[in-house]
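Structure for the following, please:
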Amino acid sequence: MAFGYVPQAGYVRLQWNPEGGIRATRVFTGQTMDLCARCDFPIPHEAEPEHLFMALATCNKHSLFGAPSAWDRYDALWGDESMHRRARHGHGLGITSDDLLRVLETAAKWGRIRVEVEHLQGPQVWQARMWVRHPDEDQEAELGPVVVDAGDVRTMLRAADYLMPKDSYAAGELIDLMQLDADRITQFIDEELHPAQADAILCLAIFGGDLYGPPF
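A predicted model of the protein is given here:
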């Protein structure tokens, strides 16, 4: 198993077996794509995730989760489960669990993400059911619900940090979310983070890009 930050795909879990099966899953929507039976082939023990993902995209007519793609496999960053755990626990981030929820709720104001929040043990321990519209689908087509918690939103920030173009209209705000300390970040989210920017940050992590609306 491997996890990857993949342009035009988002945060992806890649699974395979030596007998010749490969599956990629968009972590935050549950969408999958599989290697078809005609393409099954023995996978060498030392196979690299980027080569397996390339085989999967080729099998799916050079598309990623149903959308045509011209991605370069070397643009993705792959890691193991330890990378996934580090992203979830937010090493090096000053943002609190409560403020991670504020980011999610701010993004929801833009209208593409819808959330219902359940507080489990006071405001600091929560989970949210999240419905997400795919940017390349009709506005009524929604993916979800997906249950997310603070660790998932931390992972979204990590994924967006890797995938965000440096000239994006949301790049500066993402840097602030990643670097501001706890005593400044709440005010920043409430007063300076625009819903469109929060939406762009999360959709980079979820879909690997934005297929309609203002460019990244």
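
Helices of this structure, start to end?
49-59, 81-89, 97-108, 150-163, 171-179, 182-191, 195-207 (DSSP state H).

So which of those helices is nearest Tyr5?
helix 150-163 (4.1 Å; CB to CB). For the C-beta atoms, the positions are set from N, CA and C on the backbone; glycine is no exception.

elements contacting that closest one?
strand 2-6, strand 10-17, helix 81-89, helix 97-108, helix 171-179, helix 195-207 (3 or more CB pairs under 8 Å, 6 or more residues apart in numbering; DSSP states H and E).

Least confident secondary structure element in the protein?
One helix or strand of the chain scores below all others by mean pLDDT, DSSP states H and E: strand 67-68, with a mean of 77.

Pick the most buried one from the helices of the chain.
helix 195-207 (a mean of 25; mean count of other CB atoms under 10 Å).

got a list of contacts for it?
8-11, 26, 28-29, 103-104, 106-110, 112-113, 132, 134-135, 155-160, 163-164, 168-170, 173-174, 177, 209-210, 213-214, 216 (CB atoms under 8 Å, 6 or more residues apart in numbering).

go with 7 Å
The contact list for helix 195-207 (CB atoms under 7 Å, 6 or more residues apart in numbering) reads 10-11, 26, 28-29, 103, 106-107, 109-110, 112-113, 132, 135, 156, 159-160, 163-164, 169-170, 173-174, 210, 214, 216.

Stretch 178-190 now?
With CB under 7 Å, 6+ apart, stretch 178-190 has contacts from Leu93, Gly94, Ile95, Thr96, Asp99, Arg102, Val103, Thr106, Leu157, Asp161, Asp176.

Please name the nearest non-neighbouring residue to the fourth one.
In other words, Thr96. Distances taken as CB to CB, 6 or more residues apart in numbering place Ala182 nearest to Thr96, at 5.6 Å, with adjacent residues excluded.

swap in the last one?
Taking CB to CB, 6+ apart as the measure, Asp176 lies nearest to Phe188, with 5.7 Å between them; neighbours along the chain are not counted.

now do the second one
Leaving out its chain neighbours, the residue that sits closest to Gly94 by CB to CB, 6+ apart is Asp181, at 4.2 Å.

Pull the number of nearby residues for that neighbour.
The number of residues packed near Asp181 is 9, by other CB atoms under 10 Å.

What does it show for phi and psi?
Dihedral pair for Asp181: phi -80, psi 170, per degrees, to the nearest 10.

Dump the helices and strands packed on helix 150-163 to TSV, plus mean pLDDT.
TSV is the format used below for those (pLDDT from 0 to 100):
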stretch	mean pLDDT
strand 2-6	94
strand 10-17	92
helix 81-89	91
helix 97-108	93
helix 171-179	93
helix 195-207	92
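
possible to save those as TSV with distance to His51?
Formatted as TSV, those follow (distance: least, CB to CB, whole Å):
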stretch	distance to His51
strand 2-6	11
strand 10-17	11
helix 81-89	18
helix 97-108	34
helix 171-179	30
helix 195-207	23
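
returning to what we had before: Gln124 is nearest to which of the helices of the chain?
helix 97-108 (4.9 Å).

That closest one to helix 195-207, inter-axis angle?
100 degrees (axes from the mean of the first three to the mean of the last three CA atoms, to 10 degrees).

Figure out how far helix 97-108 is from the centre of its chain.
Computed by CA atoms, centre = their mean, to the nearest Å, the chain-centroid distance of helix 97-108 equals 15 Å.
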